[in-house]
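[1] Prediction below, plus the sequence it came from.
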Amino acid sequence: MRRKIRVVGAMIEEGGRYLITQRPPTASLPLLWEFPGGRVEPGETDEEALARELREEMGIDAAVGPRIIHVEHGYESYDIDFCVYRCRLVQGKIQHLRVHAHRWVKPEELDDYEFPPADEKTIAKLLGL
């Protein structure tokens with residue numbers, strides 16, 4: 001049976017720009033861009049996982065709001081069940097603890113960045129919202 005991984009992402013918007021982060025050079029899908037977030041661990045809710053990942057990756061606290069996008073994507077050896085939540089930055093300055101870089105981009109600039117296939121689907125949905 002194929003492995004299914006539950007992943008959550010944060011859509012943080014300020015002044016018409018969205019926060020995207022770059023995966024580390026040593027990660028799977030190295031140096032691709034994505035909405036910040038990560039895997040949901042056993043026993044965690046999506047919201048708990050997302051708040052934890054944002055703290056671990058960038059040292060920020062965020063209020064997790066409603067789920068706005070849900071996509072599923074099959075990679076070669078596993079499936080991703082990916083939910084994106086609208087989030088609001090509460091406190092903290094963005095640090096690159098587990099991300100390579102970050103950018104604040106306008107929706108029309110998202111095409112200038114290379115995203116993993118599952119994220120591409122969420123961006124298509126975002127731009128259609």
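    Sure thing, it's come through. Owing to the predicted nature of the structure, the values given are computational and were not obtained by experimental measurement. Residues are numbered from 1 along each chain as shown.
[2] which residue ranges form the strands in this structure?
    Shown for the chain, the strands assigned by DSSP state E span residues 3-14, 17-22, 33-34, 37-39, 61-74, 78-91, 101-105.
[3] which stretch among those comes nearest Glu47?
    strand 61-74 (4.4 Å; Cβ to Cβ). (Glycine included, C-beta is placed from N, CA and C.)
[4] got the buried residues for the closest one?
    Across strand 61-74, burial judged by 16 or more other Cβ atoms under 10 Å covers 62, 64, 69, 71, 73.
[5] With stretch 22-36 instead?
    22-23, 32-36.
[6] What is the burial count for the residue nearest to Arg98 when sequence neighbours are not counted?
    Among residues not flanking Arg98 along the chain, Glu57 sits closest, at 4.3 Å (Cβ to Cβ, 6 or more residues apart in numbering). Neighbourhood size, Glu57 [other Cβ atoms under 10 Å]: 21.
[7] residues in contact with Glu57?
    Going by Cβ atoms under 8 Å, 6 or more residues apart in numbering, Glu57 touches 21, 36, 38, 97-99.
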